[in-house]
Structures are given as C-alpha cells and as structure tokens.
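Asks: what would the 3D arrangement of this be:
(2 chains)
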Amino acid sequence: MNEAFVVALVLSTAAAATPLILAALGELVVERAGVLNLGVEGMMLAGAVSAFAVTTHTGSATAGFAAGMGAGLALSALFALLSLGLMTNQVATGLALTLFGVGLSAFAGQPFVGQVVSAGVPRVLGLDLVAWLAIALCPLLWLFLQKSRAGLLLRAVGERPEVADAIGFAVRRIRLAAVLFGGALAGLAGAYLSLVNTPMWAEGMTAGRGWIALALVVFATWRPLRVLAGAWLFGGMTVLQLHTQALGLAIPSEFLSMLPYLATVVVLVLICRDPRTILLNQPLSLGKPYHPDR
Amino acid sequence: MFKLEARPAPSALMRVASPLFAALAMALTGALLFWALGQPVGKAFYAFFVQPLTTAYGVGEWLLKATPLLLCALGLVIAYRANVWNIGAEGQLVMGAIAGGGVALAFPDASGPWLLPAMLAAGVLGGMAWAAVPAFLRTRFHTNEILVSLMLVYVAGLLLRYLVGGPWRDPDGFNFPQSRMFGEAAVLPLLHPEMRVTVVALLALLLTGGVWLFLARTWLGFRLTVAGQAPAAALYAGFGQKRNVWIALLASGGFAGLAGVAEVAGPLGQLQPSVSPGYGFAAIIVAFVGRLSAPGALLGALLMSLLFIGGETAQMELGLPAAITGLFQGLLLFYLLAADLFVNYRLRRVSPAATPALKEATR
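Replies: Numbering: from 1, shown residues only, chains lettered A, B, ... in the order given. Now for the predicted structure:
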C-alpha cells in the first residue's frame, strides 16, 4: 500500500462523509432547539435536483449550491409553517416532508435523468471547499452552541421552552431560525451529492442518507464534534465497499451495499443500549410543540 | 377579522371533513399544476381521475392497486394507534414477497391446493420477522423504531435484488434479473376474468372488518389505543409497554408481508428486482387520511390507488411524468395535517363593530 493510495482513500472518505456531516449538523441544530424534523431525506433530494438543474443550465457550481440550499430552505419553511405555525405532529409532518420531497424531486428531475454535470469546485490540498466547510462547521457549531449567548438561548428553547418564553424570548422565532438553518444545510448536502459525489441526477439518489444523518445525530449524542467522527466512520464504509468490489472479493455487491444501513442499526443499538445515554443528552423538549398561549 | 380559538372539545365533524378538504385542496393544486404545465385542465383531470375508471379493466386495476395499499395501511393503523412508528412497511412487504415467492420457487412442480395457503402464510411470517427486528431492538435496546424499520427497507430491497440476480434467477431467462414464473398452483385466482385483481381484494375487505372489530371492540385493541393516546394512563393501568410494541410491529409487519406475497402471487407471477412502486410508503398517507381507522383506510386506499393509476394514465395520455403521483401524495398529507388544525381550533369572527351591538342585545 503506497502513500498515494492512502491519500486517495482519505480524500474519498472525506468526500463521502461530507453530505452526512452537513445534513447531520443541520438536523442537530434543529433538534437542539427542540424540533424533530424527519424530512431530511426529502430536503436533501430537493437540494440535489435543484443544484443539478441550476448547474446544468448556468454551468456555475456556486449557483448550483445556492439553489440546493434555497430548495432545502423552502421545504423546511413549509415544515416550519405546519409544525411551528399550526402545531401539527412533528413526526407526521416530517414524514410528509420526506414523501413530498421524494415526489417533487422525481417530478422535477425527470428531464435530467441520465445526464452528467461537471461542476468544477475549487480544491485546497486535494479536497474541495465544501468538504472543508463541512469539517470547519463542526468546531464552529460547537463554539456557537456552547460558548455563545445565541447558542445558549437555542439550547434553552430546546430544553425548557416555557422558561425561555417566561424570560421574554420568542420561542417559535428561534425554533424557526433553527429549522431554516437545518433545511439550508440539508439542501447543501443534497447539492454536494449531485454535483460532487456522483455528478448526475437519479431518482431517490440520496438512498437513505437523510435517514442515516438522523441516526448520526443520535450517535453523536447531539454534539457537533462527534458528528464528524460518525460521518467519517460511514464515509469510510462507503469507500471500503467500493474498494472491496475492486479487489474482486467474492462477496456479492448487494451485501456490501447493505453495510451502511446495517451499520446504522448497529450503531443505534450501541448508543441506545443504556437508556441513560439518551436521557442525559437528548434535548428535553424534543418533538414537543410549544405555543405561548397554551 | 378572524381569530383562531381553541375548541372546548375536538370536533368530530372536522375529523371526518378534514380528509375531504385535503383531497379538495390537492385537486385544486393539481389543477394549478396542470395549468402551469400548459395542459388543458379539464382534459388532464379527466385523464387523471375519471378515464381510468371508465372500463371494467380500469376498475380492476383500481382495486388491484388499492389492495396492497389497504393491507399495509391496516397494519399501520394498528401500529400508529399504539404510537409505534413503523415506517418500514415497504421493507416488510418485500420480505413477504421473498418468503412467499421462495415457497413457490421451492416447489415448482407442486399442484396441491396447499401451496397458495402455504405461500400466504410464509409471506405473513416473512413480514412479521422483518418487523420483529425493530420490535426486539426497541424493547431490548431502546432504539428508535422509525430509523431501524426504515434502514431495513433498504436491506430488504438489496436482498431481493441479490436473490433474483443470483441464486433465484431464472436459468432460461436470458440473464434478466428475475425468478422463473410461478406454476399455476402458485398463482392466486382472479376475481373476474376481465380484471387482474385477485381474491386477496376480498380477503383485504374481510380483514378491514376484522381490524375495525379488533380496535373498537376488543380489550387488546383498547389497550393499544390507550397506550398510544395516554402513555401515562396506560402505565398506571399496568398495560405492558413492551407487549404493545411487539403487537403493533408484528401486526403491521404481517399485513405488509401479506400484501407483498399477494403481489408476487398475483399480478407479477414471479419475483422481480422491484415488487412495489412504494405501496408501503404510500400506505403511511393512507393510514393518516383514513384517520387511523380501518374503514377510513379502505376509503384512503381507494383514493391513493386512483392517484397511482391516474399517474400512469396521465403519463400515457398527456406525456406527464408518472412521478406526479408522488407529488400528489405528499401534497395530500400536507393538506391533511394543515386541515387538522380545525379539529382542535375554530375561526371566530371578531369585528370591533360587533361589540356595541352585543351589548345592546344583552342589555
């Protein structure tokens, strides 16, 4: 095993981990504010198809990433309208968002099936800028959540919204900001998938990554730095899967493709095995709607 | 000016009316969409919602697609009532198809009347086994059943792809990834010679009654509902939480498995890399539109099935992408969730002018 191979391995792992980091960090902020948005998969798909369409038309990767973020933002605004505005059940609304995103992206992506896009994203040290951004966001979000006043407020809203409300903070406005942030990051994650990871559009191309990102948040016990570790673990698995296939091992490719999904289940079992881990780390008001009038 | 105020009690009328509002809003959005796509709205509506039902064959297709939707949704109604969020019905359906199809492939020359019942039973067990995984992991290791059941959807799909591309591939099938066609004894009898819908549609209808009775009239069904609506009360009453999780997941897995085997032993007649266009996911919407009740699921399944075949007709007649079906499905659930606001709230008219008049009247 030579040096170039190891470098290539690390770079491809980082690239495979990037959409997971972005989506999981977004959802982490949403959940820290007490909102459970199960629509990550749908927002990622919407981001992926918008980014692909815009980059195909304009030739600009920047415009594509912006469009992906915009699409994720728009879908999360829809989620916020229902779950924060109309106080609908967050689990059901999140599921609806995913189903809607799957349908919408398949519909909008019809003309692009089978096309390839070449988005030149600038690289530093062999890794593109969006991947660097994802890595940098982990410590930045940790700083924000743990060391800044706004981060404290966000956590307060996720733990005890009634207390935050009583001392005069607009709970729903803070939650809205968190949901929109999560949507934008999920959209960016989707854009990275269709512009960098596999520069093409295919129906349902996220293949459950949105759900794996949700599992990563639990795995990371709602801490941004651990998201990085978890995402690299999963990214490594994807790369391993490709290399095992290249080595010609006699394992059917379908079984290798199952690895990330089975690993997600295993990882969830390991983390949730002791119920105290979840009780101590999960935001206290996760998934509970809050309305100041009630 | 209108003001939103809480109702003293949830409105029973709105609970029934809100799916209708949702369907209406979906249709209106659909009209807008057709218009935006440059389609004549009337013709598109006709192609989507009416034309499929103008022939006996079309009605058969409608019932054919409603059957797996209804079966999956019946199971989900039980699970969601108990607040157990099984969203992996699609994977349980696939495992039912694999288990039932496996029985058919294991006895290619069988001609006895025992084969079909054995296949159906294997399908139900296959679905239950797949749903048992999230049930075991939740009751033993406290994992979230939403994520586990969903992850297993992908695993089941890959397993099916492996089987039909490898060990179960038809040796005379020109290398196509599909199993050999099942024998005559392994194919479900048709309801009517001109339609493709099988007798499982009747079975699903019977099961609808069964689930209604179970939830409305049995002690166990009552326990599940209490555990879902008031977990603290259920705990106080000593209703075991773990048992509820098991019942909810096994029931929904079994129903989905039955739907899966009925697909391969019915319209497909063999195992293929894909045995469902997303019935297991659409059934989630059916269960909600049906107000988590069995009769409601029946109506919801008929509506959702119409969306499925409407999408196909629209593709053939108008050249619209069939993916429009998924768009409509998502919209329907969104509108339903929004309309449900009026189950617990109502609009009250408040105008500044009304106040003196009120004083006048009460003087």
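
Asks: switch to C-alpha atoms for all contacts and neighbour counts from now on
Replies: Fine.

Asks: residues contacting the residue most central in space within chain A?
Replies: Against the mean C-alpha coordinate of chain A, by C-alpha atoms, centre = their mean, the closest residue is A:Ala23 at 1.1 Å. Under the criterion of C-alpha atoms under 8 Å, 6 or more residues apart in numbering or on different chains, the neighbours of A:Ala23 are A:Val40, A:Met44, A:Gly182, A:Leu185, A:Ala186, A:Gly187, A:Leu188, A:Ala189, A:Gly210, A:Ala213.

Asks: tell me if B:Arg348 really is in a helix.
Replies: No - the assignment for B:Arg348 by DSSP: H, G, I helix; E, B strand; the rest coil gives strand, which leaves it out of any helix.

Asks: who's it bridged to?
Replies: Residues found in beta-bridge contact with B:Arg348 (criterion: DSSP bridges) are B:Lys3.

Asks: ok, it - how many residues close by?
Replies: A total of 12 residues lie near B:Arg348 under the criterion other C-alpha atoms under 10 Å in any protein chain shown.

Asks: same check on B:Leu28?
Replies: 12.

Asks: kindly report the same for B:Pro134.
Replies: When counting by other C-alpha under 10 Å, one arrives at 30 neighbours for B:Pro134.

Asks: so what's the residue positioned nearest the centre of chain B closest to, chain neighbours aside?
Replies: The centre of chain B sits closest to B:Ala283, judged by C-alpha atoms, centre = their mean, with a distance of 1.7 Å. Using C-alpha to C-alpha, 6 or more residues apart in numbering or on different chains and skipping the chain neighbours, the partner closest in space to B:Ala283 is B:Ala73 (4.8 Å).

Asks: tell me the contacts of the one you found?
Replies: Under the criterion of C-alpha under 8 Å, 6+ apart, the contact list for B:Ala73 reads B:Gly280, B:Ala283, B:Ile284, B:Val286, B:Ala287, B:Ala297, B:Ala301.

Asks: avg pLDDT for the helix or strand where the fifth one lies?
Replies: Following DSSP states H and E, one finds B:Ala287 within helix B:279-289. Confidence over helix B:279-289 (mean pLDDT, whole number) is 92.

Asks: packing partners for it?
Replies: Taking 3 or more C-alpha pairs under 8 Å, 6 or more residues apart in numbering or on different chains; DSSP states H and E as contact, the helices and strands that helix B:279-289 lies on are helix B:56-81, helix B:89-106, helix B:294-318, helix B:324-339.

Asks: need the winner for burial among those.
Replies: Counting by mean count of other C-alpha atoms under 10 Å in any protein chain shown, helix B:89-106 has the highest mean neighbour count of those, with a mean of 30.

Asks: restricting to C-alpha, output that one in CSV.
Replies: This file holds the C-alpha atoms of helix B:89-106, laid out as CSV (Å, rounded to 0.1, in the frame of the first residue of the first chain):
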residue,chain,number,x,y,z
ALA,B,89,-43.9,-1.3,5.7
GLU,B,90,-42.2,-1.2,2.3
GLY,B,91,-39.4,-3.5,3.5
GLN,B,92,-41.8,-5.8,5.3
LEU,B,93,-43.8,-6.0,2.1
VAL,B,94,-40.6,-7.0,0.2
MET,B,95,-39.7,-9.7,2.8
GLY,B,96,-43.3,-11.1,2.5
ALA,B,97,-42.8,-11.3,-1.3
ILE,B,98,-39.4,-13.0,-0.8
ALA,B,99,-40.7,-15.5,1.8
GLY,B,100,-43.9,-16.3,-0.2
GLY,B,101,-42.1,-16.4,-3.5
GLY,B,102,-39.4,-18.6,-2.0
VAL,B,103,-42.1,-21.2,-1.2
ALA,B,104,-43.4,-21.1,-4.7
LEU,B,105,-39.9,-21.5,-6.2
ALA,B,106,-39.0,-24.3,-3.7
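
Asks: buried sites along the helix or strand following that helix?
Replies: Sequence order places helix B:115-141 as the next helix or strand after helix B:89-106, per DSSP H and E. Residues of helix B:115-141 classed as buried by neighbour count (16 or more other C-alpha atoms under 10 Å in any protein chain shown): B:115-116, B:119-139, B:141.

Asks: hang on, B:Gly127 packs against B:Ala259?
Replies: No - with contact defined as C-alpha atoms under 8 Å, B:Gly127 does not count as touching B:Ala259 (9.2 Å).

Asks: and the residue of the stretch 101-250 of chain A found nearest chain B, how many residues sit next to it?
Replies: Of all residues in the stretch 101-250 of chain A, A:Gly103 sits closest to chain B, with a separation of 3.9 Å (C-alpha to the nearest C-alpha). If you count neighbours by other C-alpha under 10 Å, A:Gly103 ends up with 27.

Asks: just give the closest residue to B:Ala79, not the sequence neighbours.
Replies: For B:Ala79, the spatially nearest residue (C-alpha to C-alpha, 6+ apart) is B:Ala248, at 4.3 Å.

Asks: ok, the one you found - contacts?
Replies: Neighbouring residues of B:Ala248 by C-alpha under 8 Å, 6+ apart: B:Gly75, B:Ile78, B:Ala79, B:Tyr80, B:Ala82, B:Val84.

Asks: CA atoms only: put the helix or strand hosting it into PDB for me.
Replies: Element membership for B:Ala248, per DSSP H and E: helix B:241-263. Output of helix B:241-263 as PDB, limited to C-alpha atoms (Å, rounded to 0.1, in the frame of the first residue of the first chain):
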ATOM      1  CA  GLN B 241     -45.500  -1.200  27.100                       C
ATOM      2  CA  LYS B 242     -43.200  -3.800  25.600                       C
ATOM      3  CA  ARG B 243     -46.100  -6.100  24.700                       C
ATOM      4  CA  ASN B 244     -47.800  -3.200  22.900                       C
ATOM      5  CA  VAL B 245     -44.700  -2.500  20.800                       C
ATOM      6  CA  TRP B 246     -44.500  -6.200  19.800                       C
ATOM      7  CA  ILE B 247     -48.200  -6.400  18.900                       C
ATOM      8  CA  ALA B 248     -48.000  -3.200  16.900                       C
ATOM      9  CA  LEU B 249     -45.000  -4.100  14.900                       C
ATOM     10  CA  LEU B 250     -45.900  -7.800  14.300                       C
ATOM     11  CA  ALA B 251     -49.400  -6.900  13.200                       C
ATOM     12  CA  SER B 252     -48.200  -4.200  10.800                       C
ATOM     13  CA  GLY B 253     -45.300  -6.400   9.500                       C
ATOM     14  CA  GLY B 254     -47.700  -9.300   9.000                       C
ATOM     15  CA  PHE B 255     -50.200  -7.200   7.000                       C
ATOM     16  CA  ALA B 256     -47.400  -5.800   4.800                       C
ATOM     17  CA  GLY B 257     -46.000  -9.200   4.300                       C
ATOM     18  CA  LEU B 258     -49.400 -10.400   3.100                       C
ATOM     19  CA  ALA B 259     -49.500  -7.500   0.700                       C
ATOM     20  CA  GLY B 260     -46.100  -8.500  -0.700                       C
ATOM     21  CA  VAL B 261     -46.800 -12.200  -1.300                       C
ATOM     22  CA  ALA B 262     -50.200 -11.200  -2.900                       C
ATOM     23  CA  GLU B 263     -48.300  -9.000  -5.400                       C
END
